[in-house]
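> Make a model of this:
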Amino acid sequence: MTQTRADFHEQNHAGAQAEALRLFEQKTVLQGGWLNWVASQLYALRPAEYASMVRRELARLQEISEN
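Numbers count the residues shown, from 1 in each chain. The predicted structure is shown next:
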């Protein structure tokens with residue numbers, strides 16, 4: 001059975017949120033080195049759709065922290 005995009009999102013949303021939070025929490029630890037580190041972490045995530053979910057969640061966390 002083929003998994004729909006919605007099914008994939010539903011099944012992986014909580015994991016993507018948790019992964020994004022884990023990555024985001026390292027920002028204060030790594031400071032200037034965080035961007036390169038987080039880029040390498042995102043690059044290693046599979047499948048690409050999951051990496052995109054984590055990336056979007058990271059962007060949301062970043063926006064919240066700036067406001």
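
> quick one: what helix or strand has residue 54 in it?
Secondary structure assignment for residue 54, by DSSP states H and E: helix 48-66.

> residue contacts, the most centrally placed residue in the chain?
The centroid of the chain falls nearest to residue 54 when counting by CA atoms, centre = their mean (2.1 Å). Neighbouring residues of residue 54 by CB atoms under 8 Å, 6 or more residues apart in numbering: 16, 19, 20, 23, 42, 45. C-betas here are computed from N, CA, C, even on glycine.

> pLDDT below threshold where in this structure?
1 (pLDDT under 70).

> quick revisit: pull out the buried members of the contacts of residue 54.
Buried residues within the contacts of residue 54, defined by neighbour count using 16 or more other CB atoms under 10 Å: 16, 19, 20, 23, 42, 45.

> List the contacts of residue 57.
Residue 57 makes contact with 16, 17, 19, 20, 21 under the criterion CB under 8 Å, 6+ apart.

> Including distance to residue 8 and secondary structure, could these go into JSON lines?
Shown next, in JSON lines, are the contacts of residue 57 (distance: CB to CB, whole Å; DSSP: H, G, I helix; E, B strand; the rest coil):
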{"residue": "16", "distance to residue 8": "10", "secondary structure": "helix"}
{"residue": "17", "distance to residue 8": "15", "secondary structure": "helix"}
{"residue": "19", "distance to residue 8": "15", "secondary structure": "helix"}
{"residue": "20", "distance to residue 8": "16", "secondary structure": "helix"}
{"residue": "21", "distance to residue 8": "20", "secondary structure": "helix"}
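
> The closest residue to residue 16 other than its chain neighbours and residue 36: what is the separation?
Leaving aside its chain neighbours, residue 16 sits nearest to residue 53 (3.8 Å; criterion: CB to CB, 6 or more residues apart in numbering). Separation of residue 53 from residue 36 (CB to CB, to the nearest Å) stands at 21 Å.

> still on that earlier bit, what is the neighbour count of the residue nearest to residue 16?
20 (other CB atoms under 10 Å).

> re the thing from before, among the buried ones among the contacts of residue 54, find me the one that's closest to residue 61.
Closest approach to residue 61 among the buried ones among the contacts of residue 54 (CB to CB): residue 20, at 6.0 Å.
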